[in-house]
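**Student:** Whatever this is, show me its structure:
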Amino acid sequence: MKPIFKILFLILILFFTGKIYAEDVSFSNGTYQEILDLAKQQDKVIMIDFVTDWCKWCVETDRKVYTNPDVASFANLNQINWKIDAEKGEGPELAKKYSVKGFPTIVFTKSNGEEIDRIYGFVPAEQFLKLMKDYNSGINTYSYFRQMLDKTPDDPELNFKMAEKITNNGLEEDVKIYLNKTISTDPENLKGYTDDSKFMLAYLNNDADALKNLIKEYPESEKVKEGYINLASYYSDKNDDVTAEKYFAEAFDKYGKSDFDLVQNYGNYLIGKAYKTMKAENSTKQERDDAIKTLEKCVDYVKGTVNEASTYYMMSELYFQNKDIKKAGEFIDKAISIYDKKSYRDQKEKINKSEAKN
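**Tutor:** Now for the predicted structure:
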């Protein structure tokens, strides 16, 4: 193909797809003070992404959120974006300053460093974009709801949204105050937040019976899905996998096998189930074989995420414990191909040493 036709061909592809040269979120370099100065010069919001070397959901955010063209376009145009390791350099001091307790935590601030709001944990790109736009506009933030509640403290919607904000951001403020206020100011659920508040109180109280009753009483509530997930978690913690599976099955029947929250939570449940066997010192070969089958099932639910790598790593270790060194090597290679992590490389080295001895 002649050069000019190559250029025209690429232009046509770009015109029809609009994505071929989409950039990722661009992160600035420099110290915290230099980032503040840059934000002041450009009169922009700062997005501080607190990460660690071991945070797999930080990697997932890099792969699935910051590569999204809509997220990248908005972030690069409207913000100064900065990534900081919370365990190195200025990181520990800044993590303390902003009360960062888990990762990823993404803090949005004004140019003077004053916090606007935050995103806690992994959030899919579409939701991330909405939150980012809200925070840049100064709406639906913690301080926004605080100011609105000062004006109308008996508004059930505002009380519920404040409770959700505190919960979603991992804040330590007592959410029950706002949930009970929602219920007491709208006992008939006319605004549609009383049912959700009752669900959230049941989660907080770890009250399985209340959740079962609420699912029956409010089958169309937005919190029913979380109700099923919480019930499954409740019975999983009690090692009652039959009942846990029952509630996951009911949720999948209602919401479908492609629902993001359900898929991720079910995948985590299967990983957790196998992990107990992997870590048990007295597990039998049969129990480890069963755990491997659980992880084989899990792959379908974690495909394309960093948890796929975790699944292969665990399969590698279970095969290693069963003295199947060849299979152990195959699966640790799969894990490393997805996520090159120190603990996975250590597993690879352990397998190589075992092979050398034999």
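**Student:** any low-confidence regions in the chain?
**Tutor:** Residue ranges of the chain with pLDDT under 70: 1-22.
**Student:** According to the record, where do the domains of it fall?
**Tutor:** For the chain, whose domains are defined here by automatic domain parsing, the residue ranges read 21-122, 278-358.
**Student:** Next, format those as TSV and append mean neighbour count and distance to G272.
**Tutor:** Yep, even glycine has a C-beta here, placed from its N, CA and C like the rest. Below are the domains of the chain laid out as TSV (neighbours: other Cβ atoms under 10 Å; distance: least, Cβ to Cβ, whole Å):
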stretch	mean neighbour count	distance to G272
domain 21-122	17	15
domain 278-358	17	10
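**Student:** Just put those in JSON lines and tack on distance to Y203.
**Tutor:** Listed next are the domains of the chain as JSON lines, based on distance: least, Cβ to Cβ, whole Å:
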{"stretch": "domain 21-122", "distance to Y203": "16"}
{"stretch": "domain 278-358", "distance to Y203": "22"}
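**Student:** which stretch among these comes nearest F199?
**Tutor:** With Cβ to Cβ as the criterion, F199 lies closest to domain 21-122 of the domains of the chain, at 19.6 Å.
**Student:** May I see the buried residues of the helix or strand where M278 lies?
**Tutor:** Secondary structure assigned from DSSP states H and E places M278 in helix 260-279. For helix 260-279, a neighbour-count test (16 or more other Cβ atoms under 10 Å) marks 262-271, 273-275, 277-278 as buried.
**Student:** Check whether N239 sits in a helix, strand or coil.
**Tutor:** Following DSSP: H, G, I helix; E, B strand; the rest coil, we place N239 in the coil state.
**Student:** still on that earlier bit, mind giving me the packing neighbours of the helix holding M278?
**Tutor:** helix 224-237, helix 241-255, helix 285-302, helix 306-321 (3 or more Cβ pairs under 8 Å, 6 or more residues apart in numbering; DSSP states H and E).
**Student:** between these, which one is nearest to W82?
**Tutor:** helix 306-321 (22.6 Å).
**Student:** Next secondary structure element downstream of the closest one?
**Tutor:** The C-terminal neighbour of helix 306-321 among helices and strands, as given by DSSP H and E, is helix 325-338.
**Student:** From the rest of the structure, what touches the next helix or strand after that next one?
**Tutor:** Downstream of helix 325-338, the next assigned helix or strand under DSSP H and E is helix 342-357. Residues from elsewhere that reach helix 342-357 (Cβ atoms under 8 Å, 6 or more residues apart in numbering): 53, 309, 313, 316-317, 320, 325, 328-329, 332-333, 335-336.
**Student:** rerun that using 7 Å as the cut-off
**Tutor:** By Cβ atoms under 7 Å, 6 or more residues apart in numbering, the surrounding residues in contact with helix 342-357 are Y313, S316, E317, F320, I325, A328, G329, I332, A335, I336.
**Student:** Which one of the residues you listed is nearest to N239?
**Tutor:** N239 lies nearest to E317 out of the contacts of helix 342-357, by Cβ to Cβ, at 21.2 Å.
**Student:** Please name the nearest non-neighbouring residue to the closest one.
**Tutor:** M278 (5.6 Å; Cβ to Cβ, 6 or more residues apart in numbering).
**Student:** separation between that neighbour and Q347?
**Tutor:** 12 Å (Cβ to Cβ, to the nearest Å).
**Student:** shared neighbours of the two, which are they?
**Tutor:** Common neighbours of M278 and Q347 are listed as E317 (criterion: Cβ under 7 Å, 6+ apart).
**Student:** quick revisit: would JSON lines of the helices and strands packed on helix 260-279 with distance to E172 be doable?
**Tutor:** Converted to JSON lines, those look like this (distance: least, Cβ to Cβ, whole Å):
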{"stretch": "helix 224-237", "distance to E172": "21"}
{"stretch": "helix 241-255", "distance to E172": "29"}
{"stretch": "helix 285-302", "distance to E172": "31"}
{"stretch": "helix 306-321", "distance to E172": "28"}
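**Student:** Compare those helices and give me the one nearest L36.
**Tutor:** Comparing the helices and strands packed on helix 260-279 by Cβ to Cβ, helix 306-321 comes nearest, at 31.8 Å.
**Student:** Residues contacting that closest one, please?
**Tutor:** 56, 59-60, 267, 271, 274-275, 278, 288, 291-292, 295, 298-299, 302, 327-328, 331-332, 334-335, 338-339, 344, 347, 351.
**Student:** Then stretch 291-300?
**Tutor:** 267, 270-271, 273-274, 277-278, 308, 311, 314-315, 318-319.
**Student:** CA-only coordinates of that stretch in PDB, if you can.
**Tutor:** Listed next in PDB are the C-alpha coordinates belonging to stretch 291-300 (Å, rounded to 0.1, in the frame of the first residue of the first chain):
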ATOM      1  CA  ALA A 291     -10.700 -26.900  45.600                       C
ATOM      2  CA  ILE A 292      -9.100 -27.100  42.200                       C
ATOM      3  CA  LYS A 293     -12.500 -27.900  40.600                       C
ATOM      4  CA  THR A 294     -14.000 -25.000  42.500                       C
ATOM      5  CA  LEU A 295     -11.300 -22.700  40.900                       C
ATOM      6  CA  GLU A 296     -11.900 -24.200  37.500                       C
ATOM      7  CA  LYS A 297     -15.500 -23.100  37.800                       C
ATOM      8  CA  CYS A 298     -14.300 -19.800  39.100                       C
ATOM      9  CA  VAL A 299     -12.400 -18.900  36.000                       C
ATOM     10  CA  ASP A 300     -15.600 -18.200  34.000                       C
END
